[in-house]
Every structure is written in C-alpha cells, then in structure tokens.
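[1] The following comprises the amino acid sequence and a computationally predicted model.
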Amino acid sequence: MNAWRIYVTGTILFLVIGISLTFPGDKGYFLKWLTEYRNPFLDHYFYYVTRLGEEYGFVAIGLILWLRSWRKMLVIPLLGGIVMLVSYLLKNLFSEERPLLYLKRIGWDGPMAVLDYQLLSGHASFPSGHSLAAWALFTLIAAMIRKPWVSLICLFLAISVSLSRVYLMAHFLRDVIGGAAIGFALGAAIYFLYDKWMNKKQLEEAFPVQEHLD
C-alpha cells in the first residue's frame, strides 16, 4: 500500500468510526464518556497537541517545508487563510452551542476544565476550527511528502488534535468529525491545485516559450 493510500484509508476509518460513535445517546455522550479516562499524561498531551490546530502548527510546518522547498512553503499561508475563512463562515452559519452551555443546561456536575485550559462558551461549536485546520494541514503534508512514515505521523497528529478538542471540552464529537472531513477536503484540493501549478512550472522550465521576432 502506498503512502497516500495509507493516509486516505486512515482518514476514512477515523470518519466512519467517529460518525458511528455519534449515534449512542445525546450529542454529549462521547464527551462525557471521555471524562472517565482523564489522567495527568493525557491532560498534558492534549493540552499541548491541540495547538497544532492553531497558528503554531502552520508556522512549524511552514518552516520545515521551507528547508525542503520555498514553493511548498508558500502553500501553507494560503491554506491557513482559506481554513480561517471557511471555519468562520461555517461557525456563523450553524451557530451551534459549545459544550459548556450544553453541560450547564443539563446540570452536569462532573469534571470540567483540563489544567488551565479556558473553557469556551458561545455558539461557535460546529465545525471544530482546530480539527478542520489540523486535517487540512496534515492532509497537505501527507500528499506532498508521500512516505509511509510521514502519512502515519500525519494521521496520528490530526486524530490527536481532533480528540483533544473533545477532551478539553471545547467541542462535541460531531464537531471534530465535521471539521476533519472538511479539512481533509480542503487539504486535498489545495494539493491538487499546487500539483497542477508545479507541473505547469516544470513544463515551462523544460520547454521555454521562444519569442519570435517579426
């Protein structure tokens, strides 16, 4: 199995499993279930890995790509801008309540904040912007660097960011699954456009257009 197929297969499995887990109980079922498995290691892991879905992740990946190719690096800020715009528009379109509002409404008396991570409120839950950003970013990287170990690392980190949003009580499971699906589609689309642009550049460099003098 080639590297890209590994990544796509892993993505599909994650989405299928995630969707199936949204059916039992109400929308907060998985979120409440996850609190039963909190421990210091997971608290710190998810607290920090969630930041890969923020600007830190894009800056870090952009610098790594810059060492390989400045053309690859240029795609990262473009992707970041598209992710921000899509996330903003969809959050305003759906205007879904955050877990904090939901938990207060049902009278939840279980654990809440993880470490000092600020619990988010308001109606901007769907889709998860962090999950969307992480899947867009790591999908692009997996498509660009087609090596099995890169695909596996990208899958692991993208899934980790998605789960971190539920673990930190910032989103419901359906929010991160929706974000993952949209993010994957965006990352793949940007890579498709980048690949077409690179092929065109290579053709132009291999066969430069000759100017004909009258």
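    Nice, thanks for sending it over.

[2] what's the neighbour count on residue 81?
    For residue 81, the neighbour count with other CB atoms under 10 Å is 11. The way it works is simple: take the backbone N, C-alpha and C, and place the C-beta from them, glycine included.

[3] On the C-terminal side of the strand or helix carrying it, identify the next helix or strand.
    Residue 81 belongs to helix 70-94 when assigned by DSSP states H and E. Later in the chain than helix 70-94, the nearest helix or strand by DSSP H and E is helix 99-105.

[4] Mind listing residues that contact that next one?
    If you take CB atoms under 8 Å, 6 or more residues apart in numbering as the criterion, helix 99-105 is touched by 27-28, 31, 112, 119-123, 125, 169-172.

[5] By residue count, what's the longest helix in the chain?
    Criterion DSSP state H: the longest helix present in the chain is helix 173-206.

[6] What is that helix packed up against?
    Where contact means 3 or more CB pairs under 8 Å, 6 or more residues apart in numbering; DSSP states H and E, helix 173-206 is packed against helix 3-21, helix 29-34, helix 70-94, helix 129-144, helix 148-167.

[7] Identify each buried residue in the last one, please.
    The neighbour-count check on helix 148-167 (16 or more other CB atoms under 10 Å) flags 150-151, 154-155, 157-167 as buried.

[8] Please identify the most buried of the helices and strands packed on helix 173-206.
    Highest mean neighbour count among the helices and strands packed on helix 173-206 (mean count of other CB atoms under 10 Å): helix 129-144, with a mean of 28.

[9] can you give me the angle that helix makes with helix 70-94?
    Relative orientation of helix 129-144 and helix 70-94, computed by axes from the mean of the first three to the mean of the last three CA atoms, to 10 degrees: 150 degrees.

[10] ok, now how distant is residue 65 from residue 59?
    Distance, residue 65 to residue 59, by CB to CB, to the nearest Å: 11 Å.

[11] quick one, what contacts the closest residue to residue 54 other than its chain neighbours?
    Once flanking residues are discounted, residue 54 sits nearest to residue 130: 6.9 Å by CB to CB, 6 or more residues apart in numbering. The contact partners of residue 130, by CB under 8 Å, 6+ apart, come to 50, 53-54, 161-162, 164-165, 170-171, 179.

[12] neighbour count winner among residue 65 and residue 59?
    More crowded of residue 65 and residue 59, by other CB under 10 Å: residue 65, with 20 against 13.
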